[in-house]
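Chemist: Take a look and give me a structure for this.
(one chain, ligands or ions: 1)
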Amino acid sequence: MTGSLVVVGTGPGNPEQMTPEAAAAIAAAEDFFGYFPYLDRLSLRHDQRRHASDNREELARAREALAMAAAGGKVCVVSGGDPGVFAMAAAVCEALEAGPEEWRDIDLTIIPGVTAMLAVAAKAGAPLGHDFCAISLSTNLKPWHVIEERIVAAAKAGFVMAFYNPISKARPNQLGAAFDLLRHHLPPSVPVIFGRAAGRPDEAIRTVSLADAAPEMADMATCIIVGTSETRVIERGGKQPLVYSPRSYRGGSA
Ligand code: SAH
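Modeler: Have a look, this model is predicted:
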């Protein structure tokens with residue numbers, strides 16, 4: 001008997017930013033797979049089972065979840081934010097493609113969530129108001145030279161960039177290198193937003209110019225939005241400045 005597998009995103013942290021569709025899917029599932037802090041965010045019932053694992057074990061976790069669903073389980077795989085953005089939905093698809101034929105019969109549903117860059121952008125204003133892209137700075141799954149090429153291409157093309165996985169203890173140097181690279185391609189006045197723990201009690205949103213952007217301003221819980229030469233900052237007295245990227249192109253190079 002084939003069961004079901006639902007892949008959900010909890011949103012950035014604030015329970016109100018979890019969609020009702022994700023909450024309903026969680027209520028209907030019996031076995032939960034995910035990185036343990038994400039499972040901790042759910043208020044599971046006593047009859048719902050946790051299978052928590054470390055963050056680095058995504059493919060193994062996806063295979064376990066698929067195997068349990070293939071055996072008839074009602075399984076839920078949990079990501080933070082949106083499950084399709086640098087998260088478990090792609091890992092589940094990778095495992096399914098490489099796995100046994102019967103996994104293709106599993107009733108698979110992927111439920112979207114509010115991804116970190118949207119939560120950070122909303123707090124800052126509208127920095128993603130024109131064309132944008134998202135880049136993970138993690139070298140766990142791709143080499144650094146690819147990341148550099150993508151950053152330069154995005155800067156030259158005038159995309160706002162959202163950096164995920166910007167820095168970690170194992171990777172302390174890449175964010176500084178990314179800012180140095182950007183300073184060669186963008187004006188020093190370009191706004192850079194450091195959005196830390198958006199939607200959580202320890203949330204901190206800070207905007208500086210690219211000239212002043214420093215890796216110490218970020219940690220693993222930070223999503224960084226780098227504007228373009230068109231991105232504007234509206235100062236508002238004692239309030240946090242509003243950062244936005246105008247909808248219409250005003251010309252000039254990136
Ligand atoms: N699937 C997640 C992203 C997972 S990658 C999503 O859609 O948001 C993990 C990275 O996401 C972190 O290193 C950080 O860059 C970002 N992130 C996740 N939650 C965040 C939050 N609440 N505030 C700011 N950045 C966050």
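Chemist: Output the set of residues of the stretch 1-150 of the chain in proximity to the ligand.
Modeler: Applying CB under 6 Å from any ligand atom, we find that the stretch 1-150 of the chain lies next to the ligand at 12, 13, 79, 80, 81, 82, 85, 86, 87, 115, 116, 120. No exception for glycine: its C-beta is placed from N, CA and C like everyone else's.
Chemist: Those residues in strands, which ones?
Modeler: residue 79 (DSSP state E).
Chemist: where in the stretch 51-200 of the chain is pLDDT low?
Modeler: Counting by pLDDT under 70, not a single residue of the stretch 51-200 of the chain qualifies.
Chemist: Report how many residues lie close to the residue in it that the ligand sits nearest to.
Modeler: The ligand sits closest to residue 81 of the stretch 51-200 of the chain, with a gap of 2.0 Å, by CB to the nearest ligand atom. Using other CB atoms under 10 Å, residue 81 has 27 other residues around it.
Chemist: Quickly list what it is bridged to.
Modeler: Residue 81 forms beta bridges with residue 11, as assigned by DSSP bridges.
Chemist: Relative to residue 119, how far out is it?
Modeler: Distance, residue 81 to residue 119, by CB to CB, to the nearest Å: 8 Å.
Chemist: between these two, what contacts are shared?
Modeler: Counting by CB atoms under 8 Å, 6 or more residues apart in numbering, the shared contacts of residue 81 and residue 119 are 11, 12.
Chemist: Run a quick neighbour tally on residue 211.
Modeler: 12.
Chemist: Contacts only, for it.
Modeler: Contact partners of residue 211, counting by CB under 8 Å, 6+ apart, are 183, 188, 189.
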